[in-house]
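K.L.:
how would this look folded up:
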Amino acid sequence: MQVPNFQEYSKTKEIFDTYVKILSWAHLNFQLQKTLQKEELSQTTQEQLITLGFQGDIPQQSQQLFTEDGFCSSLQTSKRIASFTLKEVGLDLALFEQAEEGIQNAYEHVKGESDVLLEKSLAQTLETLSIFKP
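P.N.:
Residues are numbered from 1 along each chain as shown. All right, here's what the predicted structure looks like:
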């Protein structure tokens with residue numbers, strides 16, 4: 001029986017852990033964006049907004065969050081996901097590729113039929129990350 005190389009194991013674990021963090025962060029952002037398009041702000045949704053870093057008065061009508069510079073606009077959503085991703089992966093190519101896959105998988109899990117806002121958020125996120133890709 002061959003003993004696994006500790007360095008290889010550590011790198012594999014780092015890639016997996018990073019993938020899970022980014023997948024979870026992207027999923028939370030995409031899910032909140034999708035949820036807010038359809039309903040009033042529940043207590044759970046308000047708590048999710050605060051978790052994501054929303055500051056200020058939480059609007060009673062969720063559509064206020066979707067203005068061009070609103071917290072849930074495609075631009076702001078993509079900025080949060082890209083910033084978190086870059087913080088986690090730096091310029092490590094292996095981590096970067098896993099991060100992009102995690103973001104894509106989060107999007108695929110959340111998207112519904114023809115969700116233009118989520119599609120735009122995904123495209124802007126991947127476009128931003130492509131600038132920094134090693």
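K.L.:
Now do the contacts for residue 99.
P.N.:
18, 19, 22, 85, 88, 89, 129 (Cβ atoms under 8 Å, 6 or more residues apart in numbering). From N, CA and C alone the C-beta is placed, and that goes for glycine too.
K.L.:
Any stretches of this structure with poor pLDDT?
P.N.:
Applying pLDDT under 70 to the chain flags residues 1-4, 39, 59-61.
K.L.:
Could you pull out the helices in it for me?
P.N.:
6-36, 43-51, 74-89, 93-110, 116-132 (DSSP state H).
K.L.:
How many neighbouring residues does residue 102 have?
P.N.:
Using other Cβ atoms under 10 Å, residue 102 is surrounded by 23 other residues.
K.L.:
Next, the contact list for it, please.
P.N.:
Counting by Cβ under 8 Å, 6+ apart, residue 102 has contacts 19, 20, 22, 23, 26.
K.L.:
Among the residues you listed, which one lies nearest to residue 62?
P.N.:
Nearest to residue 62 among the contacts of residue 102, counting by Cβ to Cβ, is residue 26 at 20.0 Å.
K.L.:
Contacts only, for the nearest residue to that closest one once chain neighbours are set aside.
P.N.:
Nearest residue to residue 26, sequence neighbours excluded (Cβ to Cβ, 6 or more residues apart in numbering): residue 106, at 3.7 Å. With contact set as Cβ under 8 Å, 6+ apart, residue 106 has these partners: 23, 24, 26, 27, 30.
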